[in-house]
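**Student:** predicted model and sequence below, questions to follow.
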Amino acid sequence: MMKIIPAKTPDFVKTMFPSFIWNIDTKNKVLYLTFDDGPTPDITDWVISTLQEYNAKATFFCIGKNITKHPKLFQQIIANGHSIGNHTYNHLKGWKTKTKAYIESVEKTQQLIDTYDQNHNAENIDRNSNQASRSNVRLFRPPYGKFKPKQSNKLQALGYQIILWDVLSYDWDASVSQKTCLKNITSSAKEGSIIVFHDSIKASRNLKYVLPKVLKYYSQRGFRFKNLNTSQNTITL
């Protein structure tokens, strides 16, 4: 992403792409935290632990390659009740990738997600768990927030919900100070906002400063943090 992209997504951009999900339309004090690029050792597990302190749920847009490298960490995300989204297998640049290869990358990652999710649900059934199945979740966020119209159309035809964002933290940008990163969120996020963080090495400095403060700031103002989920191809709260 380029720095010219504002932290707060302008309304006119959302209206240009109405089939994408930018925020959840609600008057309830709810925020939707999302984390891209993981799972990453020592970062994703820290995120999970930090969220747990506030009884917060989130959505992790995972890279397939990282799922393969760190399966136990990926399973930890699922076991803690968070939702999983697809972020391609190799963090592909859609505008530089042929559509066939792009779709194959997404589908390869989705197969990994579905396999781990189904295994987790099977274990819960064996333990008489009441936790609902999330195997129908098919959320997708394009790396860099960009892909070709043909790619997005094909993915939507395959049943994927395209999740973009209302607020960018800019946590991955080393030129953005920790305080500015925090302000990007607190000056912009409101009821129903989808907020982007990254559970990556590059973002860790800003993330570890900002996330606890965001959780505390909004919790004190009566907000809850929920994960994105789907039911019959519709985003639900």
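**Tutor:** Ah, there it is.
**Student:** in this structure, where is pLDDT below threshold?
**Tutor:** Along the chain, segments meeting pLDDT under 70 span 1-4, 121-137, 230-237.
**Student:** how about the strands in it?
**Tutor:** For the chain, applying DSSP state E gives strands covering 30-36, 59-62, 83-86, 139-140, 161-162, 167-168, 194-198, 224-225, 229-231, 234-236.
**Student:** quickly list what the residue positioned nearest the centre of the chain is bridged to.
**Tutor:** Of all residues in the chain, the one closest to the mean position by Cα atoms, centre = their mean is Thr34, 3.4 Å from it. Listed by DSSP bridges, the beta-bridge partners for Thr34 are Thr59, Val196.
**Student:** hmm, Cys62 and it touching each other?
**Tutor:** No. Using Cβ atoms under 8 Å, Thr34 is not in contact with Cys62; the gap is 11.0 Å. To be clear about C-beta, it is placed using only N, CA and C from the backbone, and glycine gets the same treatment.
**Student:** shared neighbours, these two?
**Tutor:** Listed as contacting both Thr34 and Cys62 by Cβ atoms under 8 Å, 6 or more residues apart in numbering are Gly85.
**Student:** next, count neighbours for Thr26.
**Tutor:** Residue neighbour count, defined by other Cβ atoms under 10 Å, stands at 13 for Thr26.
**Student:** residues touching the closest residue to Val47 other than its chain neighbours, list them.
**Tutor:** Spatial nearest neighbour of Val47, chain neighbours left out: Asp199 (5.1 Å); criterion: Cβ to Cβ, 6 or more residues apart in numbering. Asp199 is in contact with 35-40, 43-44, 47, 60, 207, counting by Cβ under 8 Å, 6+ apart.
**Student:** now, among those, which is nearest to Asp114?
**Tutor:** Phe60 (15.0 Å; Cβ to Cβ).
**Student:** still on that earlier bit, gap between the residue nearest to Val47 and His82?
**Tutor:** Going from Asp199 to His82 by Cβ to Cβ, to the nearest Å gives 11 Å.
**Student:** where do the contact lists of the two overlap?
**Tutor:** Phe60.
**Student:** that older thread, dump the contacts of Asp199 to a markdown table, plus neighbour count and distance to Met16.
**Tutor:** A markdown table is the format used below for the contacts of Asp199 (neighbours: other Cβ atoms under 10 Å; distance: Cβ to Cβ, whole Å):
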| residue | neighbour count | distance to Met16 |
| --- | --- | --- |
| Phe35 | 31 | 26 |
| Asp36 | 25 | 22 |
| Asp37 | 23 | 26 |
| Gly38 | 25 | 29 |
| Pro39 | 26 | 32 |
| Thr40 | 24 | 32 |
| Ile43 | 22 | 33 |
| Thr44 | 23 | 33 |
| Val47 | 26 | 32 |
| Phe60 | 26 | 27 |
| Leu207 | 24 | 30 |
